[in-house]
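Chemist: Give me coordinates for this.
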Amino acid sequence: MSDKGQKTKKPVKAAAEKKVNPRKSKPTDETGRELKVKSHSAIYSITIAVMYITIVLIISAALSFFILSVGNDVFALKKTERTAEIDLGAYPTVIDVSNELKEKGIIKYPGIFRLYARLKLDEGETFIPGTYVASSQQNYDSLIKMFLAQTGERRIVTIMIPEGYTVDEIIDLFLSEGIGTREGFVDAIENGEYDYDFIKRLDSTPKDPNRRYRLEGYLFPDTYYFYSDWDETQIINKMLDAFDSKMTREYYEFIDRSGFTLDQYLRIASIIQHEAYYNSDMEYVSSVIMNRLKHPATYPKLECDSTVLYALGVHKADITQQDLNYDNPYNTYVYDGLPPGPICNPGWSAIYTAFNPAESNYYYFVSRSNGDMLYAETLAEHNKNVASVRAEKNR
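Modeler: Numbering: from 1, shown residues only. Modelled structure (predicted):
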């Protein structure tokens with residue numbers, strides 16, 4: 001039979017041989033079923049990016065905080081004041097010293113101290129055994145130098161200046177520790193140059209010739225740590241710096257609006273400090289003084305016993321009529337208004353209440369033997385209070 005006229009059939013390719021478009025192909029499982037693939041949406045990508053940035057920021061912030069903390073420890077920029085004895089035994093190593101400083105709370109990072117010391121020490125330099133007094137306010141350089149040299153002549157002295165101490169009493173405190181001379185302190189107080197706004201205000205007017213000490217009232221009472229070899233000007237400056245830390249811009253603005261000078265407020269505060277036995281009475285003592293100052297025609301004299309004692313230069317419980325008549329510009333029974341200068345160095349409570357007296361109509365006060373204060377609006381009421389106090393003392 002002839003094949004002529006019959007169409008020749010082309011062989012059919014097996015399914016496996018079919019061409020596959022790779023762009024259109026989709027994954028299948030082993031049975032040939034199509035698998036679904038989750039695509040990354042824009043929100044997912046943004047979330048990942050935000051998480052990444054957040055992690056980077058957190059790490060950066062933590063690293064920055066650590067660097068600042070280390071810098072503060074190395075350079076003692078702003079650390080809580082603490083002193084401690086550091087005992088270095090025979091052949092002290094950098095590790096020994098760093099551990100001792102850490103245990104005593106002088107430094108925070110002993111590992112950083114060791115690294116710093118090894119960079120600073122020359123070959124062959126070693127710390128000298130002994131007992132040292134170290135301060136947290138010393139930087140690493142200062143500590144290293146201290147341990148490299150005998151420092152028997154230099155020590156840290158703790159001086160606690162009570163509220164209400166006069167300049168003379170403060171000087172006596174330092175002299176009792178073998179620090180400075182009376183002449184040196186007086187010169188630093190009278191002639192020292194200090195870069196503070198309150199000093200500029202004080203010195204902007206000529207000193208009253210009746211004023212006992214230029215800086216009376218400004219030597220802030222506190223507990224201080226001084227090096228025994230500091231000169232008098234350095235010591236006075238540290239106390240002035242403590243006072244300056246209390247005087248914010250807001251207080252200066254208040255003073256400028258008030259009609260009083262800072263020095264006048266300190267004179268008031270110094271009287272409050274000695275007249276009020278309890279802090280709770282300070283604002284009322286302040287109100288009596290202010291009420292009298294605001295009505296000079298009716299109450300020209302403050303009549304405060306504390307000013308008499310300052311004028312006399314003594315401490316005594318009973319003031320006589322002769323004392324009240326003592327002719328001295330600081331005696332507010334004899335002279336009108338405020339004394340020529342503060343009569344002591346007041347604490348912050350007294351200074352604050354000088355700025356913020358209580359609202360009252362009191363013009364008189366008298367102290368009982370237990371320290372309580374009795375107040376009066378009129379002279380008749382005051383005389384009754386005085387009689388009551390005297391009767392208590394005679395019992």
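
Chemist: Now do the helices in the stretch 51-200 of the chain.
Modeler: 94-103, 110-120, 140-148, 167-176, 182-191, 197-203 (DSSP state H, counting those that start in this stretch).

Chemist: mind checking how far the fourth one is from the chain centre?
Modeler: I take that to be helix 167-176. Distance of helix 167-176 from the chain centroid (Cα atoms, centre = their mean, to the nearest Å) equals 24 Å.

Chemist: give the contact list for Arg292.
Modeler: Tyr299, Lys301, Leu302, Tyr363 (Cβ atoms under 8 Å, 6 or more residues apart in numbering). All C-beta spots, glycine's among them, are computed from the backbone N, C-alpha and C.

Chemist: Need the max-distance pair from the residues you listed.
Modeler: Taking Cβ to Cβ, the two most distant members of the contacts of Arg292 are Lys301 and Tyr363; they sit 11.4 Å apart.

Chemist: For those two, work out which one has more neighbours and name it.
Modeler: Neighbours were counted for Lys301 and for Tyr363 using other Cβ atoms under 10 Å; Tyr363 has more, 20 against 14.

Chemist: In contact with the more buried one, which residues?
Modeler: Shown in contact with Tyr363 (Cβ under 8 Å, 6+ apart): Val288, Asn291, Arg292, Tyr299, Ala376, Glu377, Thr378, His382.

Chemist: quick one: which of these sit in helices?
Modeler: The members of the contacts of Tyr363 that map onto helices under DSSP state H are Val288, Asn291, Arg292, His382.

Chemist: Give me the buried stretch members for stretch 121-133, please.
Modeler: Phe127, Tyr132, Val133 (16 or more other Cβ atoms under 10 Å).

Chemist: pLDDT and distance to Asp263 for those residues - can I get that in JSON lines?
Modeler: Putting these into JSON lines (pLDDT from 0 to 100; distance: Cβ to Cβ, whole Å) gives the following:
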{"residue": "Phe127", "pLDDT": "85", "distance to Asp263": "49"}
{"residue": "Tyr132", "pLDDT": "81", "distance to Asp263": "42"}
{"residue": "Val133", "pLDDT": "82", "distance to Asp263": "37"}
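
Chemist: CSV for the residues you listed, including distance to Ile53?
Modeler: CSV is the format used below for the buried residues of stretch 121-133 (distance: Cβ to Cβ, whole Å):
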residue, distance to Ile53
Phe127, 47
Tyr132, 49
Val133, 49
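
Chemist: Okay, and which of those map to strands?
Modeler: Tyr132, Val133 (DSSP state E).

Chemist: From the buried residues of stretch 121-133, pick the one nearest Phe198.
Modeler: Distance to Phe198, by Cβ to Cβ, is smallest for Val133 among the buried residues of stretch 121-133, at 31.9 Å.

Chemist: so Phe365 sits in a strand?
Modeler: Yes. Applying DSSP: H, G, I helix; E, B strand; the rest coil, one finds Phe365 inside a strand.

Chemist: And the pLDDT for it?
Modeler: Phe365 is assigned a predicted lDDT (pLDDT) of 95.

Chemist: Quick check: bridge partners of it?
Modeler: In this entry, Phe365 is beta-bridged to Tyr375, by DSSP bridges.

Chemist: Find the residue at the geometric middle of this structure.
Modeler: Taking Cα atoms, centre = their mean, the centroid of the chain lies closest to Ser245, which sits 6.3 Å from it.

Chemist: Doesn't that residue lie inside a helix?
Modeler: Yes. Counting by three-state DSSP, Ser245 is found in a helix.

Chemist: mind putting the ones in helices among the contacts of Tyr363 in CSV, distance to Asp208 and pLDDT included?
Modeler: Formatted as CSV, the ones in helices among the contacts of Tyr363 follow (distance: Cβ to Cβ, whole Å; pLDDT from 0 to 100):
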residue, distance to Asp208, pLDDT
Val288, 24, 97
Asn291, 24, 97
Arg292, 20, 97
His382, 30, 96
